[in-house]
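Visitor: Requesting a structural model of the entry that follows:
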Amino acid sequence: MDQLDILKSKWQSQKSDYPSYTAEQLTLLLAKKSSSIVKWIFYIGIGEFVLLTLFNIFYMDGENVQPFVSALGEPLYYGSYAFSYAVVLFFIYRFWMNYKSISADQPARKLMKNILKTRRTMKWYIWYNLIFIMIFGIVGAVMILFNSPEFSEVINSAEFQEHKVRFMAGYITVMVLFFAIFCALIYGVYSLIYGILLKRLKRNYEELKKMEV
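Guide: Numbers count the residues shown, from 1 in each chain. Okay, the predicted model is just below:
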């Protein structure tokens, strides 16, 4: 039983051997706990951004990415990275603003509203990452197939043409299944990391809702 459970049980019982706790004291504790949770979400978002940047610096150098750049084209390849960085920075900014919006001295109803806003932002962030990986992964895989020098000779051969439709249908199906499984694994990681924090935020929201009734 954590501090909130102990304080809540004492507030509900109000027995003579315990000091009297007010709803304002419980709201203050919930605000502090919620602020701490949102701060951790912000830190994890920063950590993801740093890891992505380090990955690009140490692995995605000129020689490693040149086949992908040639197959996808520089506008799509570098444009997708610029877009991804911009969106991640936007969500980090939103996490920070959510953290700043949760204050211990605000009314319970406003605190509830800010907790819901934080949970929505977090869910949008998770779904953005999954959708981006799915769409860009499938599009990139198809473009690499047709534009990569390693595959172009086979695809443009006369023998391949009569099996082109069947091959493309199978290839796209495999790619969809591959990225669907990959996204499911990513979702599992997000559920493990962010799911715990979101459940705690939901719990705080439910506690505030009970106090409002």
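
Visitor: which other helices and strands contact the longest helix seen in the chain?
Guide: The longest helix of the chain (DSSP state H) is helix 164-212. In terms of contacts (3 or more C-beta pairs under 8 Å, 6 or more residues apart in numbering; DSSP states H and E), helix 164-212 is packed against helix 23-58, helix 108-147. Where C-beta positions appear, they are placed from N, C-alpha and C, glycine not excepted.

Visitor: rank these by pLDDT, which is bottom?
Guide: Mean pLDDT values for these show the minimum at helix 23-58, a mean of 83.

Visitor: Now it: buried residues?
Guide: In terms of neighbour count (16 or more other C-beta atoms under 10 Å), helix 23-58 has its buried residues at 26-27, 29-31, 33-35, 37-38, 40-42, 44-45, 48.

Visitor: what's the answer for stretch 116-124, then?
Guide: 118-119, 121-122.

Visitor: In PDB, could you pull the C-alpha coordinates for it?
Guide: Extracted as PDB, the C-alpha positions of stretch 116-124 are listed here (Å, rounded to 0.1, in the frame of the first residue of the first chain):
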ATOM      1  CA  LEU A 116      -6.900  13.200 -19.600                       C
ATOM      2  CA  LYS A 117      -5.000  15.500 -21.900                       C
ATOM      3  CA  THR A 118      -1.700  13.900 -21.000                       C
ATOM      4  CA  ARG A 119      -3.100  10.400 -21.600                       C
ATOM      5  CA  ARG A 120      -4.400  11.400 -25.000                       C
ATOM      6  CA  THR A 121      -1.100  12.900 -26.000                       C
ATOM      7  CA  MET A 122       0.700   9.700 -25.000                       C
ATOM      8  CA  LYS A 123      -1.700   7.500 -27.000                       C
ATOM      9  CA  TRP A 124      -1.300   9.800 -30.000                       C
END
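
Visitor: Which residue is the nearest non-sequential neighbour of the most centrally placed residue in the chain?
Guide: Note on the chain: the residue nearest the mean C-alpha position is Ile126, at 2.8 Å, using C-alpha atoms, centre = their mean. Excluding its sequence neighbours, the residue lying closest to Ile126 (C-beta to C-beta, 6 or more residues apart in numbering) is Tyr190, at 5.0 Å.

Visitor: how many other residues sit next to the one you found?
Guide: 19 (other C-beta atoms under 10 Å).

Visitor: Ok, Lys110 next?
Guide: Neighbours of Lys110 using other C-beta under 10 Å come to 12.

Visitor: Could you measure from it over to Met97?
Guide: Computed as C-beta to C-beta, to the nearest Å, the Lys110 to Met97 distance reads 15 Å.

Visitor: Find the residue closest to Leu116 in space, skipping its chain neighbours.
Guide: In space, Leu116 is closest to Tyr205, 6.5 Å off (C-beta to C-beta, 6+ apart).

Visitor: now that neighbour: how far from Gly140?
Guide: Where Gly140 is concerned, Tyr205 sits at a distance of 39 Å (C-beta to C-beta).
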